[in-house]
Every structure is written in C-alpha cells, then in structure tokens.
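Trainee: this one's structure only:
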C-alpha cells in the first residue's frame, strides 16, 4: 500500500526531530518534506540540524534539502498530511494556512484552546474527534488542525480517565516533577538546574488545568463541555533527562478504593486494546500498573511500551479525603507527550475515516 | 559564664556530626563527651568517624576518645544535657535510661509519638513544652526526652503555622521533593538516583501526617490535642544534595488570599523575633518569603539564615478550593530539620526555665 | 541448528544480568542454567534478582530456578559452555573446577594474569587464542578459562592497536573518566559522587597498566611476550551512568600524525570487518571515528554499534612529544567492556575451532 | 587607614560578581564604582544583575548605580585601581585605555600573551612583577595591566612550582576535569552536560600550554623567558559545579620521588607563608596535601582556605617515566582561579611598592 505523504514543519528543532524519529519505518506514513526557518532553509537536513536522538539519522533524511516553512503552501498539494512542530508563536498562522487545505497534526499550543479544536488523545477523548467537521464547516477549511495536549497534561488525563469512567472526579491536586527535556533545546543552563529544583515552569500550570477539563470533557451537539471538576497544579523542574513524574491527589464523587482503581484500569486497558490496538503507535497496555512500592521511576520506566505507556504506581487511599485516592504517574514527555503521541492521534483519525479529510 | 556540659550519643554518624557542627563555638553549651557504638568506642573521634562536613573538625574534638553509648550511665553525672543522634531502633532504651537522670534532646523518632512527649519546635508549639513536666511526673524521671520532628515535617509545620494562627486549616495535600542527604550515609546507591526520582521513602508519609497534627495541636490539661485537620502526603527523593522542597495545597476554614498569607507571615515573623530572637540558633526571619516566581530553589536558598530559615514562595490561590492557597516551601533537612533545629529547642527550654531540669 | 547450551555463574548480579541480556536471542548460544550464591539458590530468577536492565526480562528466564554455584559440577555435563560473572574472590575456585571439564568465559579478573591464560579480545589479540591449548595441556583440563580485560583496559587497547600495528608504541599516559556503573551495584553511595569526582578506583590503574601490555603482547612458542612499551594511568570516577571516557597521550616509535592514525584506523576497521564481521556480536565498525571537535560524549555515543564500538575523537599531535598523538576514547563499560565483549570472544573461539573444546 | 578606591568593569557578569564578593570587607580596597554594558548602565546594581552567589548582596552595593564601561575614563581620577572582569573581546580596548592612567588587574585573557605583560601569580612568579615597569615605559602608561592566568592554568602552575624549584621539569601531560561554572553563565545547556562529559573546551588547551611556560618562565633583562619544558593538555567538562580537577603526569630532569615532592611542597609552603602570609587573600597553606588515597575531591575540598588552596593528592611514581611523578590536583576555578586570585596579585603589587603605581 502506498503510504501517506507527510510534511514536517519545524523539522530541525527538537520536536521536529521527534516527529522524524516517530515516523521512521512507519507503515502508514512516509516523510516527504522537511520545513524549517530561514536559518535552515536550503541546507541539507543533516547539516541544518544537530540531530539529538541516539537513534541514527538515516542518510535519506540527512540528504533531504530543508525548505522554508513560509513556502509550504507552494508545495502543499504534494502532501496528504502536515505534522507541525512549530514554536507556538508562529504556529497560529502557518498551521491555519495549511489547515485550509490539508489536515495538520500539531504539538504546538496555538489552537488548543479554540472551541472548535479537539486536543485529541484517542484513549481519552476519541468522542471529540468529530469536532474537526465543525472546524471545516465554520472555517471553510478542507483540512483541519488537531493539536495534542501539553506533555504534562498527557500523563494526568490518561491516568484520570479510568476514574472519570467509573466513579467520577470532583477535584484534583497535582504536583509535577518534570524532566529537563521538556524545556526544549537549549532549555535550562546547567548552572540553574545542577543540584537544584526549579519550582516554576512558565504558563505550564494554567495549561494543564485548562487542558485536563477540556480533554476529559463531554461532546454534545458539536461542542466540548469541559469536565465538571477542578484541577490545581504546581509544576516543577528536576534533574531528570526524560519522563514527567506526577504526584496526584484525586477527590472522587463516591467511595473509590485503590482496588477500585486497579479494576478500572484493567477495564480501561482492555477497552483501549480493543479500540486502538491496531494503531501502529499504540501501546499494548495504555496504563502500566507497577506493584513495587517505589515505582514508577523515570529512568527505569519511561521507555515502557516504546515510551507510549502511562506508568502508574503507589495507588493509596487519601487520608485527607472522604472519597479519593492518591498515586504517582509517569509519562514520557518526548514520546507519548509529544510527536509519537500525536502520530497515534493521526493514526486514529485515519482509522475512523476522518483522514484523508 | 560556664557553659553547660553536653554529651552526644551516636556522635560518629551523620546526625551526630551535625550536632557537633551546630555546637561548635556555641555560647551556652560545650561538647564534653562523645558516645558511639562498639565499632567506634575506644578510638579517637578523628579516626572513628569520616567527617563529612566541609567545616573543618577542630583538633580538640578529633582527639577526644569516643566512649560506648551503652556506658553513658557511668558518666552521666558529668553532663548537664544529652544530645541524641541515635538510630531510632536503639534510641528507645538509651534515651529512656538517660532521661531518668538528665534532659535528652533527640533527632530520633523513638519517643515522638508518645502522649507525654512534645515534638518541640519553638516557633510552632512552644506551648507544648510543659509536657515535659508530665513526663517527669508519670515516669519518675529527673530528666526528660524532647525529640524534634522528621526533617520533612519541619518545613511543613512552620509554613502552616501562620495559617493556623489566622484563618485555620481544614485539609493539606503535600508532595515533597526530598534531598539525598535525608537518607543518611551511605543512603542511596547512586545507580538508584542518577537521572532519576524515587517516589517513595519508607514510613515518611505516615510520620509527616501524624507529626503535623501533633505539633500543631493545642495543649490543655497536660495533653496535646491533635490539630483538627487532615494531611495527605506523597514523599519523593530527587537528585539534590540538601534541602527538602515541598509543594503544598492548603484548604482553609475561611477565605484566605495570598496577600492574607503574606500578612500572616509578617506577623508571625515579628512574633517569633520577639519570643525567640535571643536564642543563639534562631533565624532572624523564621519564614523568608521569596517574591521571584521561580523560588525557593534548594541550591540557592537552603543556606539562608544559616540553614534555619523556612523559605516560602509561589503563594497562589488554589483553583480547586473554595478557600485555600498553594505554595512551595524549602527547609534545610540537615540544619533546621535536624541537629541545629533541636539545639534551638534546647535553647528555648533553657530560656523558659525547663533546663536545667 | 541446535544452539550451544550455556550456564551463567553469578547470574543474579549486575554482570550476570548483562550476560543474560547479551545472550537473549543469540543465534549460537542459549541460556540453559542460572547459578548464584546461597541467597538466591532455589528461588525463581525473577524473584532472586532485581533486574536492572531497561530491556524486559523474558518470562522463561524469570521462571527459571536458580541453582547454587557450588553445585555446578553436578550439572556440568548438560552444558557446552560456562559464562562466569562471579566476583573475583570466588571465581578462582569455581572457574577452575569448571574449566577442568568445559570452556569458561569470564568477566572476572581471577585468571587474567596467569601465564597460560589469554585475556582475549579478538580485534586485539586473536593470535593469543591458542594459549588455551597450553592451559589444557599443562593443567590437564578438558576445558579452559578465557577472561576478558578490565572494562577500562578495553577502550585503551582497541584504540592503541592500529598504532601498534603501524608505527609502534613507546609510552602511554592515560587518564580515565569512568562511569558509575563500573562500580557495580550497590557501588557508590550518591552522597560520595553527587556534584563530585572520585579520583581513585581501587587497583584499577595497576590492572590497566598490566593488561594493556599483556593483551597487546606478541605470542611465540606458546608464550605471551608483553608489548615493549610502558603505560601510566590515573583512573577517576565521574557522574556518568555508562561509558568510560579515556584521555590518551601516546608516544610512538616514529613520526605519526593524526592523519596517520585515521588511515591506520581505516585499515584496522577493514581488517576487523573481514576477520570478525561474521560474529553475531561484532560491531560493523570496530572503531568509530568522530570528526566533531567535541566528541565522543558518553551519553550520545556509548550505544553506537549496540555498545560494541570503540569511539575515538579529538585526535591531535602531542606538543610535548617528538613523535606521538593524543586523543579521547569512549567504550561502553557494561557492553563491550563486559559480558557482550566476552560473548564475542566466545563466538571467535567457536569460529576458529577452539570451541567446542 | 583609608582604603584604596576600586572600580569594577564588567561588574554584572559572573566574574564581576566574584570581584565584588572577594572585595566585600577587604581591609585594603573598597568598591567605589561599578561599570557594565549598555544593558545595565543607569540601573541600580541590584536590578541590573542576577546575583548568583549564596553570600548575600549588601544593600550598599545593590543600591549603587551601574555606569557604562565605555565612560570609565570620565571618572577614572576617582579610582586608585581598576578590576576588570570584561569579556576578552572588549577587554583589549577598555583595559588599555584605563591602564594609560591607572593599574588594571584583570581576569580577561586580552593582554596575557603580550611580551611586556606578566600573568601574575605571586606564589609562582613574583619575580616577573617588575615587568610592569617595562609596560609603563614602552607604552607610556602611568598605570599597567596585570592579568591572571586561565582558571585551569592556575592549579597546574602552583602544583608544578615546587618541582621546578627543585629538580626541574622536562615534560607535562595534563588532563583536566573542569567544573560547569568555568563556562560562565549561561554556559552549557543542561541537555548537553546531563549524564555526560564534554571532552572539549574551546581554546582552553592552547591557553594552558602557553600560560604554563610563561608563568613558570624566568625573568631577565626585562624579559620573560618561557620555562624550557613542554606541556600537553586535554581539557574536558564534567558535571561538577565548582572546582577544576587535574590529572597530571610530570617528567622531571632528574630522579624525583613522591617523597621528594612532599618535601618540596613543605618547603614551598613555608616560603609562601613567609613571603605572602601577610596578604589578606593569601591561603595559610598554598598547597594542601591530602593523604587519603581518594582525594582531592571537588565537592569536599574546593573550599579549603576559602577557595584559595591548591589541593594535591595521589602523588605516585610514574611507571612510564624514568624520572617523574603523577598526581591529582584541585583548584577552585571561581576563587583562586578568578577574581580572588587576582585580588591577591593586587595585594602583592601593593606590598612590593608597585601599587599605587
């Protein structure tokens, strides 16, 4: 079968490289065009970017000439789909321009908070996927924009979903211990993070609070109705290369024990396997439960299921809540929480017939 | 003035070394005896221990012959006070034996949870100090045992005290990011902590939950009545040398803004300065408020006030609570949360006439 | 083809786990028996060991009952080959007992310095392999012992070999920056290595100095004649998980430029590919030359060629030497410098007909 | 006594801050003017810079208005001495302009390699100090420029000096393990250094090779004659906050044992104490010898003598040399190897009557 032709915008940056890595050898998509800013345009990809993945960069990619993102419209007929890893400040215009013609799958936050845009995570809100039809209709677009959530939101919403699906959620308090790679490159100077914690990540807490209730919201009459619970976050940066660890306290709508959570997760995993098991990037187990009392740990667990698992452990009753549990959750911020997660969303759109658009 | 003669139990371990460091040059106490286990007894201190502080070990201490902890009773008449840094499993017997004759100030948890034992932190629960009289009466002791709290409890209770003193606390959710030194020596193998987080510290969460309501409890008719609120903790270990960072969410009994907290802290600091300002180990500011949005940070802020400050920042409303705030708090686990903090408790007992006993 | 049946001694330790990882899916060898000390014997492997590799432990291995190393002789007829990851202090007896009957391939140092024992690294000293015949003859053994070199020696000798093969070596000064995993588990307490360097590794320097001239020695009349040059080492431990980095200064016997070294390496790689390219564990490129001025770097380069490459960069003239160069070299201490490297030696012994013995 | 009035150029950068820290409370010098680039000029110092030292910034300094470096000549009559922490690219002009009128003491490399400029380290080359008279004469300057050496050179030359003073040096091979702070701020992105080594520091090796023979050179007829030995360096960056560790191999001109080195150091320390013991910034022991086999270690030893000691350990014979030793050396790169070291040079110039000029 001929594979779908894809272009990558922002291809030389860290997120763009992750799209390339996620797409290498993909059975449904092939990399047909690489776009970046003026600094890189016109150069061979191998010269334009400092390839940061330990996986080797294939010669065919290294030898591809990078084109200018601003000129993507000249070529857009050649592509079936656009993967965007653009910085959010330039994403609004470029992604919108492309979406008028083709589906755009993005890691940027530019469109996340618009009413007619789903932040699509199949395991969490497959039901919101048809929102792209409203986008097309209202905006007169042939394509659409589908962004993924913030990398910190990802682990939270996947781990909350089995609770929402059973007893329901009332309130959530979450403290993140986020990996260094989440700040992109160059990111933090080592003199800021060495032997240290930075207890602040600009705009992160608001994004997570907002995206959590949007992604877990219901979909009715072409609208997403945010989930009716409240989220409060404190986001910190710690000296870990990859993998965001979350300490989560959840107040539920009714009595809910750790055993209830384990049962809900088992059910959820079964459902995800049934619905998404045929997607090439889907993990076999959406949530991997760790029984050891000192897990999940980012260095040991972040690469489970090719970085696509949400790893949960330390599920305990919450002594401050009449109804509720607390747990620790780990999600790979540059895999599940970035390009590879977005790619799975694209796969899902294809499966349900929304792509090709 | 002649200084009080003090003995240190468990003198060769990390906590014992911290007692020595805290006592060096102290105006009220002098180090008169060093006690440790069989492995060290009979040796010069300088040979028996691997001195870990960057502060140099004075020759007089290095040349002191270490005696056997089990033989402390033979010498106890020579001392005015006993500082105990014993491991909790042996502390129960040795500290009890000593307390029959002399005041014992301890970093061990052995006596913390007994009804007639105050976990004394002057800024938080000076009112509980008279509990030592009940100890003496009921146990027939001439001395008493006064332990300090767990090093993670310390930052939490100091930062909560101004809230309790104003609007009152309903519930607390706390996630700790604890320093490596909190595990003692040898503590964690580096292969466990390198590029990693360990989201579990044995028994820590239960200790903090229990000690918080005990230390913040009221004192009436010779009894501590635990504070009427609930605490839920998740404790983690991160790659930071010293300084425990806490992410705290507090539900209050009535509306309470970040500005209210700043005002309450200012008032609290003023009161602490008035009541404890004359104690040699007391910080000038009990709580140091940081205005920068990315502070406190352990490497930059842990040594404020000689490691005796509780450093608080990022005070914000909590969007998941009708009434409440969230903030980040830092406390030096091997200074304020260990020997130096205990020493301040001893100073306070002297000030109010409970020592000498 | 039926695969050779192998037993692993010391199977639960870190080095033993690395043998298991290296053997999983191997086309020539299968894991048929796991042996360890009394603490583990009788348990299922999955319970007896804390599996430390990110690669998942197969159920078949996890379910294997661990047997007592001291009883290996009871079972030895079942095996074609013994892989030993025993601690050096117990290796002497156990390995010797086994070698009387079967070939033993070992990561231990117990036999390394005996006259009739080759420290076999095919790319470096394939010519020394027949020394096992002398072992068999003089000791009356049916099998033999073949140890590998110290993990720090490995990178040094592979990188020196192309120099020895061309112009010849006069003297070598080497400073190592060794990875944390080299100390085994538990290894270093993190309080010793955090924000620190430990400029000493017990016995390491002597081992490297001795093994370098033995492995690079000539073989004549059944004897290894140590290479006629001198080596001086300083070995340090730094905060890197895996991968030993070496700073090497080499005085040569005649003029030798960086360009000469590049040419010698190209020739050496070609020869290695021809002679060892058919061994399953052999790297495609024995030495990977990095052209970037700031490489090799352990985190980015240690996994090249599945951890079996010796990565060299920064080749420059040495301004203190009339004839000589300096360079930086990286070798994966728990792959090439441990079990996987030994496995390649076993593969080579098979290829040349020395195994089965 | 009235203190000398000093201006600091480049006062807001990391090196400038180190000058301020070194000068706080100094008995001979006071801080009278702060100069920086356009970005900072006109602002209060406390607002213009992000103060990075854990030592608190005094209010008087924080409240000082920063002036523009380019306008220093307008004010220069107010100062007795200029401390320059300018980036090397702008240092050439500004330092030269100032030196026409006043003594300039600098951490920049701009003037280091000029024939009439001493790289002054009192313990190493006090004899070269009169070179400033040649500077004044040939350039027609009333003042002069005296730079210090590169921070990596510092530990090397101090530790070599006792060898040069006794048996003489023939060749030196040195590998550095340099601290993160040596790269300034922002310096390295943490994604480059986390779990990693960077085996390259731009231009560092050439600087150290050149400066070593210049500083250890003889002084005759107004000329520095470079020391007649050769130096070869490999410089690397490791994950340590402060303190450069050097692995040094030294070929000597005649037999020289580790015991000889210890004796030479004892003699050297005695001489330094006699000649420089009255300088406020001088360490009591110029070289601190560590007897433990695993020292010096940067985290434990860098702050000895207020960061002004050169800490040496692991002194051993060198098996590759007929005559020579090897050792490990540690020097605090932001104290002895930066502003505080320069300040000691200024103190020495005052002591010998070359300042005031």
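Mentor: Thanks, I have the structure now. Quantities reported herein were computed from a predicted structural model and do not represent experimental measurements.

Trainee: am I right that residue A:344 is in contact with residue A:279?
Mentor: Yes: in this structure residue A:344 lies within contact range of residue A:279 using CB atoms under 8 Å: 5.7 Å. All C-beta spots, glycine's among them, are computed from the backbone N, C-alpha and C.

Trainee: nearest residue to the residue in the stretch 1-150 of chain A that chain C sits nearest to in space, please, no chain neighbours.
Mentor: In the stretch 1-150 of chain A, the residue that lies nearest chain C is residue A:54 (5.6 Å; CB to the nearest CB). In this structure, residue A:54 finds its nearest non-sequential neighbour in residue C:303, 5.6 Å apart by CB to CB, 6 or more residues apart in numbering or on different chains.

Trainee: on that earlier part again, of residue A:344 and residue A:279, who's got more company?
Mentor: residue A:344 (25 against 18; other CB atoms under 10 Å in any protein chain shown).

Trainee: for the more buried one, list the residues it contacts.
Mentor: A:122, A:276, A:279, A:281, A:282, A:308 (CB atoms under 8 Å, 6 or more residues apart in numbering or on different chains).

Trainee: one more time with 10 Å
Mentor: A:22, A:105, A:120-123, A:148, A:276, A:279-283, A:308, A:336 (CB atoms under 10 Å, 6 or more residues apart in numbering or on different chains).

Trainee: please apply the same query to residue A:30.
Mentor: A:2, A:3, A:4, A:5, A:6, A:23, A:24, A:80.

Trainee: and residue A:263, by the same measure?
Mentor: A:162, A:166, A:257.

Trainee: ok, the first one touching residue A:271?
Mentor: Just to be clear, that refers to residue A:162. Yes: between residue A:162 and residue A:271 there is a contact at 9.4 Å, judged by CB atoms under 10 Å.

Trainee: which one of the two is surrounded by more residues?
Mentor: Remark: of residue A:162 and residue A:271, residue A:162 carries more neighbours, 25 against 15, as counted by other CB under 10 Å.

Trainee: average model confidence for the top helix by length along chain A?
Mentor: Longest helix of chain A, by residue count under DSSP state H: helix A:258-276. Mean pLDDT, helix A:258-276: 98.

Trainee: for it, what is the distance to the chain centroid?
Mentor: 20 Å (CA atoms, centre = their mean, to the nearest Å).

Trainee: which parts of that helix are buried?
Mentor: Across helix A:258-276, burial judged by 16 or more other CB atoms under 10 Å in any protein chain shown covers A:260, A:261, A:264, A:265, A:268, A:269, A:272, A:275, A:276.

Trainee: hmm, the second one is touching residue A:327, no?
Mentor: If I follow you right, that is residue A:261. Yes: using CB under 10 Å, residue A:261 is in contact with residue A:327, at 7.4 Å.

Trainee: residue contacts, residue A:216?
Mentor: Neighbours of residue A:216 in contact, by CB under 10 Å, 6+ apart: A:121, A:124-125, A:128, A:156-157, A:160-161, A:163-165, A:169, A:172, A:224, A:226-229, A:231.

Trainee: swap that for residue A:138, please
Mentor: A:115, A:116, A:222.

Trainee: check which helix or strand the residue nearest to residue A:201 when sequence neighbours are not counted maps to.
Mentor: In space, and not counting its chain neighbours, residue A:201 is closest to residue A:235: 4.5 Å by CB to CB, 6+ apart. Assessed by DSSP states H and E, residue A:235 sits inside strand A:230-237.

Trainee: next one: that strand to chain centre, how far?
Mentor: Centroid displacement of strand A:230-237 relative to its chain, using CA atoms, centre = their mean, is 17 Å.

Trainee: out of the buried residues of helix A:258-276, who's nearest chain B?
Mentor: residue A:261 (15.2 Å).

Trainee: and the residue nearest to that closest one when sequence neighbours are not counted, how many neighbours?
Mentor: What sits nearest to residue A:261 in space, not counting adjacent residues and going by CB to CB, 6+ apart, is residue A:315, at 5.3 Å. Residues within reach of residue A:315, counting by other CB under 10 Å, total 22.

Trainee: equivalent analysis for the one 3 residues further on, please.
Mentor: Burial measure for residue A:318: 24 neighbouring residues, criterion other CB under 10 Å.

Trainee: and it, how far from chain B?
Mentor: 5 Å (CB to the nearest CB, to the nearest Å).

Trainee: now the strands: where do they sit in chain A?
Mentor: For chain A, the strands defined by DSSP state E occupy A:4-9, A:29-36, A:67-68, A:81-84, A:103-106, A:144-147, A:169-178, A:218-220, A:223-225, A:230-237, A:244-252, A:287-289, A:310-317, A:324-331.

Trainee: Throw those strands into CSV and include mean pLDDT, thanks.
Mentor: Shown next, in CSV, are those (pLDDT from 0 to 100):
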stretch, mean pLDDT
strand A:4-9, 98
strand A:29-36, 97
strand A:67-68, 97
strand A:81-84, 98
strand A:103-106, 98
strand A:144-147, 98
strand A:169-178, 98
strand A:218-220, 95
strand A:223-225, 96
strand A:230-237, 98
strand A:244-252, 98
strand A:287-289, 98
strand A:310-317, 98
strand A:324-331, 98
